[in-house]
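Enquirer: coords below, sequence missing:
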């Protein structure tokens, strides 16, 4: 099995874990490791337009998310019901799927990093 990495975020958008998850995502991509970002419902706020981190004096998450395409990272995978509960625009495109599809896709990766 080819080495591949799934990054799963369960963390609050302003946490150190959220920043570390994005750093790990970009680090893996820069090393040409196949990587996919899975966003759990509890961390959907990382993708919400009105929740950007620059208002807290942190580097802008919105700018980081724009770099996904530059690093050839696929759109984050999110559970459809989590998107339906959001009433604000998202910062990037996402891949929508059911909870069962989410788990099935996650199982395809040789390594999984979880950020809580």
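Expert: In hand now; what should we look at? None of the values given here were measured: they were computed from a predicted structure.
Enquirer: for the helix-or-strand element of the chain with minimal mean pLDDT, name the packing helices and strands.
Expert: Ranked by mean pLDDT, DSSP states H and E, the helix or strand of the chain with the weakest confidence is helix 80-84, at a mean of 82. In terms of contact count using 3 or more CB pairs under 8 Å, 6 or more residues apart in numbering; DSSP states H and E, helix 80-84 is assigned the packing partners strand 95-97. The C-beta positions use only the backbone N, C-alpha and C, and glycine is treated the same way.
Enquirer: try it again at 10 Å.
Expert: If contacts are counted by 3 or more CB pairs under 10 Å, 6 or more residues apart in numbering; DSSP states H and E, helix 80-84 sits against strand 95-97, helix 99-106.
Enquirer: would you mark the buried spots in that helix?
Expert: Of the residues in helix 80-84, residue 82 count as buried by neighbour count, 16 or more other CB atoms under 10 Å.
Enquirer: tell me the pLDDT of the residue nearest to the spatial centre of the chain.
Expert: With distances taken as CA atoms, centre = their mean, the residue of the chain nearest its centroid is residue 37 (4.1 Å). In this model, residue 37 is scored at 98, pLDDT.
Enquirer: where does pLDDT dip in the chain?
Expert: Regions of the chain meeting the criterion pLDDT under 70 cover residues 1, 49-58, 85-87.
Enquirer: ok, and what's touching the lengthiest helix in it?
Expert: With secondary structure taken from DSSP state H, the chain has its longest helix at helix 16-30. Defining contact as CB atoms under 10 Å, 6 or more residues apart in numbering, one finds that helix 16-30 is touched by 3-13, 15, 33-37, 39, 43, 45-46, 53, 58-59, 61, 64-65, 67-68, 70-73, 76, 111, 113-116.
Enquirer: mark which of those residues are buried, thanks.
Expert: Neighbour counting over the contacts of helix 16-30 (16+ other CB under 10 Å) leaves 5-11, 13, 34-37, 39, 43, 45-46, 53, 61, 64-65, 68, 73, 76, 113, 115 as the buried ones.
Enquirer: look up how far residue 95 lies from the residue lying closest to residue 4 once chain neighbours are set aside.
Expert: Of all residues beyond its chain neighbours, the one nearest residue 4 is residue 34 (4.2 Å), with distances taken as CB to CB, 6 or more residues apart in numbering. The spacing between residue 34 and residue 95, counted by CB to CB, to the nearest Å, is 15 Å.
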